[in-house]
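Colleague: no sequence on this one, just coordinates:
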Ligand code: NDP
């Protein structure tokens, strides 16, 4: 929760309403100044070799690790997640930070590549160079993991970063920036600016080399439109409506556990969270029984409850609308429902018999709710999953056909027999398709995302057939013509 004046804003704990911090509203001028400082810091940072940057980033990782209790506490205070979940989030972020720092050289450093027959006289190399300054705009729901998924990779690639955290989690952003400043005191390679959407919009227009955006699809469109003014490239990590599929031969105990954790943890405020479950008709009843049993002692409340509050007050209206729509259209709530909304807390809600065109199935709910739908077979499940405009992730539970089912799902990633494992493996890219965005964080693609490729050739000897010259002879044209036929024209 936040309250704002023109120069500062206050952050309130969403569970208690108590003020937990006050931060400046940075204006377009502040943003311009930060980007200018970032430019010279970026020159210094980019001139270091990969090994030196790795050492600096390892020191930052150690700073975060040593301070993780404080950081987890701050995350809990600002956006409400349980402290134990906050600590788990930090661990995941550290794994990716380490991977980025230790693999940047292998992925990005200059390497020679082969030429073709017609360009045989050229030596060739490609390298991946930093943009200079990258702007990162992050959400509040995973206020460490999601921004670091961009920041760690942008820094490891040699960029300076100006980071605008969500107005719901500015303290976490400032904490990360200060920890970086202790690890790398020389120049401001990572700067944090605070404020609301206008500050983010100013960052989009500031002339940075790229914007790494993580947030909702609607805001993503506004970010793209602002970036278009300067042709600033963007990475879009947007919303989702992820599904979990349960085949007839699945381990139902594991599937139910994954559905409950995937749907309810972080109060359902997870981009890759499970919002829809499609279950093979043969095991539907048994699965539902197991699912409901897991909710017996699951309550939303302040610490030590396992489910925290809904962070943004306005999200409660979305959740209420989705639940109301589902029930009005013939669905029913086996637990929870509209009455389960009490202040900032929403109790776990499981809906069944919800028509596929209800907002609870088509739109991102971002609350601890699941729709559970009976399907005749996995063909029907795949068809319903792929009908969504979103395509972030999916989870498949199956013993024999997991791989075949996963291969047919149109999402940026799919995990078989484990919830969102693909987002936790440092070597794997993460991102979406469709309304879930484009571009990738994590893995080699995540490093290249914050670079541009630079190709270089050097002529090793002149070709007997000089091609790119006005001095080219008719004989040369005739030889090339024959060569072209031989090289490309024989395929039937
Ligand atoms: P928002 O889209 O509301 O905000 C995201 C960020 O954009 C915030 O820092 C916000 O600032 C900023 N912002 C708002 N308006 C503008 C603007 N006009 N120009 C530039 N920046 C702006 O998302 P939430 O913070 O509510 O995060 C939840 C969303 O993020 C969900 O849709 C979720 O699915 C998605 N998400 C996607 C992930 C992925 O990997 N694909 C991962 C995590 C979340 P402020 O908060 O100060 O308004």
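Modeller: Received it, and whenever you're ready, just let me know what you need. On a predicted model such as this, the values are computed, not experimentally measured, just so you know. Residues are numbered from 1 along each chain as shown.
Colleague: which residue, other than its chain neighbours, is closest to residue 290?
Modeller: residue 256 (4.0 Å; CB to CB, 6 or more residues apart in numbering). (Each C-beta comes from the backbone N, C-alpha and C, glycine too.)
Colleague: what helix or strand is the one you found located in?
Modeller: helix 252-264 (DSSP states H and E).
Colleague: tell me the mean pLDDT over whichever helix or strand comes after that helix?
Modeller: As assigned by DSSP H and E, the chain's next helix or strand after helix 252-264 is strand 274-280. Model confidence over strand 274-280, given as mean pLDDT, is 98.
Colleague: near the ligand at all, strand 274-280?
Modeller: No - applying CB under 6 Å from any ligand atom, one finds strand 274-280 separated from the ligand by no less than 10.1 Å.
Colleague: going forward, begin numbering at 48 instead of 1
Modeller: Sure, I'll start numbering at 48, so the last one becomes strand 321-327.
Colleague: quick one: that strand to helix 299-311, angle?
Modeller: For strand 321-327 against helix 299-311, the angle by axes from the mean of the first three to the mean of the last three CA atoms, to 10 degrees is 150 degrees.
Colleague: excluding covalently adjacent residues, which one is nearest to the residue in the stretch 248-397 of the chain positioned nearest to the ligand?
Modeller: At 2.5 Å from the ligand, residue 262 is the closest residue in the stretch 248-397 of the chain, using CB to the nearest ligand atom. Leaving aside its sequence neighbours, residue 262 sits nearest to residue 186 (CB to CB, 6+ apart; 4.8 Å).
Colleague: make sure that neighbour is indeed in a strand.
Modeller: No - counting by DSSP: H, G, I helix; E, B strand; the rest coil, residue 186 is located in no strand; its state is coil.
Colleague: for the ligand, see how far away it is.
Modeller: Here residue 186 is placed at a distance of 3 Å from the ligand (CB to the nearest ligand atom, to the nearest Å).
Colleague: tell me the contacts of that residue?
Modeller: 193, 213, 261-263, 318 (CB atoms under 8 Å, 6 or more residues apart in numbering).
Colleague: mind checking which of these land in helices?
Modeller: residue 193 (DSSP state H).
Colleague: let me know the closest of the contacts of residue 186 to residue 388.
Modeller: Using CB to CB, residue 263 comes nearest to residue 388 of the contacts of residue 186, at 20.6 Å.
Colleague: count of neighbours near the closest one?
Modeller: Neighbourhood size, residue 263 [other CB atoms under 10 Å]: 16.
Colleague: same check on residue 80?
Modeller: 15.
Colleague: tell me the pLDDT of it.
Modeller: 98.
Colleague: do residue 392 as well
Modeller: Looking at residue 392, the pLDDT reads 97.
Colleague: list, one by one, the residues from the stretch 248-397 of the chain near the ligand.
Modeller: Applying CB under 6 Å from any ligand atom, we find that the stretch 248-397 of the chain lies next to the ligand at 248, 251, 261-263, 266, 269-270, 273, 284-287, 318.
Colleague: list the contacts for the residue nearest in space to the middle of the chain?
Modeller: Geometric centre of the chain, nearest residue: residue 284, 4.6 Å, by CA atoms, centre = their mean. Counting by CB under 8 Å, 6+ apart, residue 284 makes contact with 193, 196-197, 259-262, 318, 477-479, 483-484, 486, 488.
Colleague: quick one, domains of this structure?
Modeller: What automatic domain parsing lists as the domains of the chain is 49-285+489-499, 289-473.
Colleague: make CSV from these and add distance to residue 533 to it.
Modeller: Listed next are the domains of the chain as CSV, based on distance: least, CB to CB, whole Å:
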stretch, distance to residue 533
domain 49-285+489-499, 10
domain 289-473, 38
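Colleague: now the helices for the stretch 298-447 of the chain?
Modeller: 299-311, 331-340, 360-375, 406-409, 425-433 (DSSP state H, counting those that start in this stretch).
Colleague: of those helices, which approaches residue 467 most closely?
Modeller: Nearest of these to residue 467, taken as CB to CB: helix 299-311 at 7.0 Å.
Colleague: what's the spacing between that closest one and its chain's center?
Modeller: 22 Å (CA atoms, centre = their mean, to the nearest Å).
Colleague: again, but for stretch 192-210
Modeller: Worked out by CA atoms, centre = their mean, stretch 192-210 lies 12 Å from the chain centre.
Colleague: let me see the mean pLDDT of that stretch.
Modeller: On average, stretch 192-210 scores 98.
Colleague: that one and the ligand in contact?
Modeller: Yes - judged by CB under 6 Å from any ligand atom, stretch 192-210 comes into contact with the ligand through residue 193.
Colleague: and that stretch, what's buried?
Modeller: Neighbour-count burial for stretch 192-210, counted by 16 or more other CB atoms under 10 Å, picks out 192-210.
Colleague: what do you get for stretch 89-106?
Modeller: Residues of stretch 89-106 classed as buried: 89, 92-93, 97, 100-101, 103-104 (neighbour count, 16+ other CB under 10 Å).
Colleague: from these, which two are the most distant?
Modeller: For the buried residues of stretch 89-106, and using CB to CB, no pair is farther apart than 89 and 101, which are 17.1 Å apart.
Colleague: which residues touch residue 90?
Modeller: residue 179.
Colleague: where does it land in three-state SS?
Modeller: Assignment for residue 90 (three-state DSSP): helix.
Colleague: how close does it get to residue 454?
Modeller: From residue 90 across to residue 454, the span is 45 Å (CB to CB, to the nearest Å).
Colleague: ok, stretch 58-77 near the ligand or not?
Modeller: No - using CB under 6 Å from any ligand atom, stretch 58-77 stays clear of the ligand, with a minimum separation of 9.7 Å.
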